[in-house]
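Undergrad: Below is the sequence, then the predicted model.
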Amino acid sequence: MRRRLYCLLPDVAHCKHLVAALRNCGLSKRYIRVLARQDISLEGLPKAYLTQRSELAYGLKLGLGVGGVAGMMGGLLAVTFPPAGTTLAGGFLLLATTLAGAGFGGLVSALVASGIPNDKIGPFNTRIFKGEILVILDIPTDCIPMATQLIEGIYPNSDIGLTLA
């Protein structure tokens, strides 16, 4: 089982030191992500994915569900009350409207949700805006004590938060 560990560091130098220490302890680079203000250069550091920075995944799921249901309802209405003088292929129309609704709903909600900050990093936004660096670690549960010890060794005043990955 993986857990997500968050920690705030004061600057890029501390962040690079921590990432190097984590890599030396055998933690893969794909489990380490860094988030900072846009004007701060994170060259050489693994940047946070869009799904970690925003509500994209949640918005996509919600849009697919709501859009699919709306498309299916529209298809049921069209099959139940067809326009005068037309014959509709019920099953095909129902499938087509459901898929079209899910696709449209997923696309629109993903576009909207990609601009909404992830609620898990919300508590850190003020300090990120002030120039601190957020390190996001998706690590196995048994690696948490090692990672916490490394973080506290590099920057003892760091705020460390833990959630499910």
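TA: Thanks, I have the structure now.
Undergrad: Show me this protein divided up by domain.
TA: 2-54+121-164, 56-113 (automatic domain parsing).
Undergrad: could you dump those to JSON lines with mean pLDDT and mean neighbour count?
TA: In this view, the C-beta of every residue, glycine as well, is placed from N, C-alpha and C. Supplementary listing: the domains of the chain in JSON lines, determined by pLDDT from 0 to 100; neighbours: other Cβ atoms under 10 Å:
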{"stretch": "domain 2-54+121-164", "mean pLDDT": "83", "mean neighbour count": "16"}
{"stretch": "domain 56-113", "mean pLDDT": "87", "mean neighbour count": "16"}
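Undergrad: Against Ser158, how distant is the residue sitting nearest the centre point of the chain?
TA: For the chain, the residue nearest the mean C-alpha position is Thr51 (2.3 Å; Cα atoms, centre = their mean). Thr51 sits 24 Å away from Ser158 when distances are taken as Cβ to Cβ, to the nearest Å.
Undergrad: Kindly report the same for Met1.
TA: Met1 is 24 Å from Ser158, by Cβ to Cβ.
Undergrad: swap in Ile151?
TA: Noted for Ile151: a distance of 5 Å to Ser158, by Cβ to Cβ.
Undergrad: Which neighbours do these two have in common?
TA: Taking Cβ atoms under 8 Å, 6 or more residues apart in numbering as the criterion, Ile151 and Ser158 both touch Cys7.
Undergrad: would you say the residue nearest to the centre of the chain is within a helix?
TA: Yes - counting by DSSP: H, G, I helix; E, B strand; the rest coil, Thr51 is found in a helix.
Undergrad: Against Ala57, how distant is it?
TA: Relative to Ala57, and taking Cβ to Cβ, Thr51 is found at 5 Å.
Undergrad: repeat for Arg30
TA: 17 Å.
Undergrad: give the contact list for Pro10.
TA: Contacts of Pro10 (Cβ under 8 Å, 6+ apart): Glu132, Ile133, Tyr155.
Undergrad: so the last one touches Asp11, yeah?
TA: Meaning Tyr155. No - Tyr155 is beyond contact range of Asp11, at 9.4 Å (criterion: Cβ atoms under 8 Å).
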